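J.: Give me a model of this one.
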Amino acid sequence: MKIKKEIPVKVAVVQMEPVVGETGKNLAACLAYANEAADNGAQLIVLPELCVSGYVFANREEAFALSEPIPDGPACQAFLKLAAERRVYLYAGLNENCGDRLYNSAVLFGPDGIVGKYRKLQIWDDEYLWFEPGDLGLPVFHTPIGRIGMLVCNDCWYQELYRILAMQGADIIIAGVDGPARPHAPFDMNTFVVFHAMAAANCSNVYVAVAVRTGIERGEEFAGRSVIVDNTGAIIAGPAGKTGDAILYADCDFARVRQHQGNLYNSVVTDRRTDVYDRLLGYDPSKYPKQ
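T.: Just a heads-up that it's a prediction; the model follows:
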């Protein structure tokens, strides 16, 4: 069967180096890169995790001091303004203040306001000292450019999150990542983001776009290697280097997701044996029926 093409969506991922505590400078850099991406035709722009506050907080008090409420915080208002003026969709990872608690959140800004918000489910390491685990589930946001799922960093290690988003109709899953480099690992850990993205895209038939921060912050080195992958697992932009700022671009044809089969007889959607394994994994098969 010949695949009917839609107008491709131009996706951009921004690799950059935020500095913890330098919220004004970080925000200015985010806005500059987002505007550059928009100048180059990007319709969906992905910034890294905690791109305004920085990541390595000294203590809980500092984490609170560098947080902001959504949607009334200064970074939120700036991103709202940019998305409206440039008519783009923008993912930004933010340190969300909810009064007596914090969340490691991602917000999708659009031309007409906030499209949706996601809170990181899989908290990593000492993030537990300041962030609460996410409580908003795994929403898929329906927009004129496509159906968008969002993850944050350590979420990307859990393949079931990709699958659940895909089964809800996601065309693309976007993630901001502050992944640590592991220079003493037995293999090049700086490539782990790429491997995860390729496997997730192939296994769940979705595009995956990952924006990873770089640099060294208070002794913690970050991995870089931002990447965009199509729904077969093929790299279509990047990976970027493990150091240095960059913007990657790719044209994504989401009709491929909606019409793709592995071959004449097989599909990762219709071949799922939910009768066997969904309940073993704690899922309710009725929520994610075969399509």
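J.: residue ranges with poor pLDDT in this structure?
T.: Across the chain, the ranges flagged by pLDDT under 70 are 1-5, 182-190, 260-265, 281-291.
J.: Counting neighbours, which bits of the longest helix seen in it end up buried?
T.: The helix that spans the most residues within the chain, counting by DSSP state H, is helix 23-39. Within helix 23-39, the residues scored as buried using 16 or more other Cβ atoms under 10 Å are 23, 26-27, 29-31, 33-34, 37-38. C-beta: built from backbone N, CA, C; applies to glycine.
J.: want to try JSON lines for those residues, with distance to Glu17 as columns?
T.: Below are the buried residues of helix 23-39 laid out as JSON lines (distance: Cβ to Cβ, whole Å):
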{"residue": "Thr23", "distance to Glu17": "14"}
{"residue": "Asn26", "distance to Glu17": "9"}
{"residue": "Leu27", "distance to Glu17": "14"}
{"residue": "Ala29", "distance to Glu17": "8"}
{"residue": "Cys30", "distance to Glu17": "11"}
{"residue": "Leu31", "distance to Glu17": "15"}
{"residue": "Tyr33", "distance to Glu17": "11"}
{"residue": "Ala34", "distance to Glu17": "16"}
{"residue": "Ala37", "distance to Glu17": "17"}
{"residue": "Ala38", "distance to Glu17": "21"}
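J.: And the furthest pair within those residues?
T.: Across the buried residues of helix 23-39, no pair lies farther apart than Thr23 and Ala38, at 22.1 Å, counting by Cβ to Cβ.
J.: now, among the buried residues of helix 23-39, which is nearest to Tyr158?
T.: Cys30 (26.7 Å).
J.: So that closest one sits against Gly93, correct?
T.: No: counting by Cβ atoms under 8 Å, Cys30 sits too far from Gly93 to count as a contact (9.9 Å).
J.: okay, and the common contacts of these two?
T.: Shared contacts of Cys30 and Gly93, defined by Cβ atoms under 8 Å, 6 or more residues apart in numbering, comprise 47, 51.
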